[in-house]
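> how would this look folded up:
(one chain, ligands or ions: 1)
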Amino acid sequence: MSDTFHAMWRSLRPIGRSDATGGYRRYAWTAADAECRVWFQAQAEARGLDYEVDRNGNQWAWLGDPSRGDAVVTGSHLDSVPDGGAFDGPLGVVSSFAALDELRARKVSFRRPLAITNFGDEEGARFGLACVGSRLTAGQLTREKAYELTDASGTTLPQAMEAAGYDPSAIGPDPERLARIGAFVELHVEQGRALDLTGDPVGIASAIWPHGRWRFDFRGEANHAGTTRLADRRDPMLSYAETVLAARREAELAGAVATFGKIAVEPNGVNAIPSLVRGWLDSRAADQESLDTVVTGIEKAAREYADRHGIDLDVVRESFTPVVEFEDALRDELGRLLGGERPVPVLGTGAGHDAGILSGSIPTAMLFVRNPTGVSHSPAEFAAEDDCVAGVTALADVLEGLACR
Ligand SMILES: [Zn+2]
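Residues are numbered from 1 along each chain as shown. As a prediction, the model looks like this:
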């Protein structure tokens with residue numbers, strides 16, 4: 001089984017890879033994305049699977065007749081963030097085909113239809129919205145909103161789909177397709193170090209943490225950096241800096257994460273006291289209450305600092321995604337199917353996935369494969385060979401349990 005895994009890994013590896021950084025640039029509806037799609041179709045056809053593209057540009061490879069319903073579906077995505085790693089997405093797709101090979105080697109017979117998918121534009125690197133393919137299918141993104149998505153060069157999503165040879169006119173909710181699916185299982189490289197810490201190659205997802213983005217606008221007064229006495233300044237950078245430290249403190253107290261990763265400063269001059277510091281907070285926590293506590297704590301601290309320095313502060317929530325709890329029954333079933341001498345760890349994640357989007361419509365579950373450094377969305381993202389093989393075996397065990405017995 002590791003042979004077919006490696007052959008697939010090798011053939012996918014060069015596509016969309018930057019020689020300069022070693023990172024991947026597989027953005028939706030670009031030439032690199034098209035190459036990934038050709039690769040997927042070739043893998044489907046090599047296995048005698050029925051290949052199709054749905055109205056939202058997601059790829060499907062079917063074993064058995066989908067119209068029978070109650071299908072078991074597995075897969076992930078092949079697109080990447082800018083200079084992404086090799087594993088985020090592709091590990092799930094490659095493992096899906098390898099798991100099917102493994103099941104065929106086990107000579108099992110399939111009781112339910114099985115499909116492997118590649119969901120389009122999961123990372124949202126080009127149009128700024130993640131999980132476009134699964135959101136459209138699940139009806140969480142309307143056709144009208146999708147038509148407005150525009151990339152940095154001014155190309156809209158429908159224009160990009162058309163340029164890539166796909167018809168965008170029918171994009172939108174696909175309830176008939178979802179109604180035929182009984183379970184979706186996505187295998188994904190872990191984007192943290194939980195499995196490294198427990199010493200397990202594979203884990204099961206419990207939930208996707210609630211997460212959101214908040215914009216903090218600190219307004220003070222621009223003035224000369226050389227001639228303005230410290231006592232006379234209204235410098236918003238001070239309040240901002242104290243708020244960054246407060247975010248770290250609040251997140252630590254709540255066992256959550258909080259990050260100010262983007263900042264805009266006006267007038268942005270070396271020798272000018274800023275008039276405006278705009279910082280974006282990204283915060284995620286295991287549950288809604290913890291997240292509320294963190295963000296409320298940060299905002300309270302920010303207001304105190306702003307008052308002290310004569311700064312006006314506006315806080316705006318720009319986006320928010322509530323907690324996704326994967327279905328208990330399917331998660332427990334995975335635990336049972338994978339249970340050996342010791343139970344497979346069940347862990348939450350702070351990252352979004354197609355499985356999270358689809359969980360609102362159909363039973364979904366996720367398997368994570370250990371990532372020893374926890375680094376993700378970077379060329380340094382990594383999973384060891386043995387762990388990838390353990391992931392394929394686990395996925396095959398799950399698919400056999402769900403589709404063959
Ligand atoms: Zn991913």
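
> Counting neighbours, what do you get for G85?
Neighbours of G85 under the rule other C-beta atoms under 10 Å: 25. All C-beta atoms are positioned from the backbone trio N, CA, C, and that covers glycine.

> just E333 next, same as before
Neighbour count of E333, defined by other C-beta under 10 Å: 18.

> Is it correct that it is in contact with D397?
No: using C-beta atoms under 8 Å, E333 is not in contact with D397, being 11.3 Å away.

> Does A99 touch L395 like I think?
Yes: contact criterion C-beta under 8 Å: A99 and L395 qualify, at 4.1 Å.

> ok, what's across the strand from W280?
Applying DSSP bridges to W280 yields these beta-bridge partners: R215, K262.

> so what's V277 up against?
By C-beta atoms under 8 Å, 6 or more residues apart in numbering, the contact set of V277 is D217, F218, G220, P236, M237, S239, Y240, I263, A264, V265.

> and the protein, what are its domains?
Residue ranges for the domains of the chain, per automatic domain parsing: 2-209+323-403, 211-321.

> Chain neighbours aside, what residue packs nearest to V316?
In space, and not counting its chain neighbours, V316 is closest to R215: 4.7 Å by C-beta to C-beta, 6 or more residues apart in numbering.

> where do the helices sit along the stretch 51-200 of the chain?
For the stretch 51-200 of the chain, the helices defined by DSSP state H, counting those that start in this stretch occupy 90-105, 132-138, 143-148, 157-163, 175-179, 194-198.

> Can you tell me which of those helices is nearest to the ion?
Comparison of these against the ion by C-beta to the ion identifies helix 90-105 as nearest, at 7.4 Å.

> what sits up against that closest one?
For helix 90-105, contacts defined as C-beta under 8 Å, 6+ apart pick out 1, 4-5, 8-9, 12, 40, 43, 47, 61, 63, 74-78, 110, 114, 116, 118, 186-189, 369, 383, 388, 391-393, 395-396, 399-400, 404.

> ok, of the contacts of V277, which come out buried?
Neighbour-count burial (16 or more other C-beta atoms under 10 Å) applied to those gives D217, F218, G220, P236, M237, S239, Y240, V265.

> Include secondary structure when you put the residues you listed into TSV, please.
Compiled in TSV, the buried ones among the contacts of V277 are given as follows (DSSP: H, G, I helix; E, B strand; the rest coil):
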residue	secondary structure
D217	strand
F218	strand
G220	coil
P236	helix
M237	helix
S239	helix
Y240	helix
V265	strand
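
> if we take the residues you listed, which one ends up nearest to Y305?
Distance to Y305 across the buried ones among the contacts of V277 (C-beta to C-beta) is lowest for S239, with 4.1 Å.

> doesn't A306 make contact with the closest one?
Yes: S239 lies in contact with A306 (C-beta under 8 Å); the separation is 4.7 Å.
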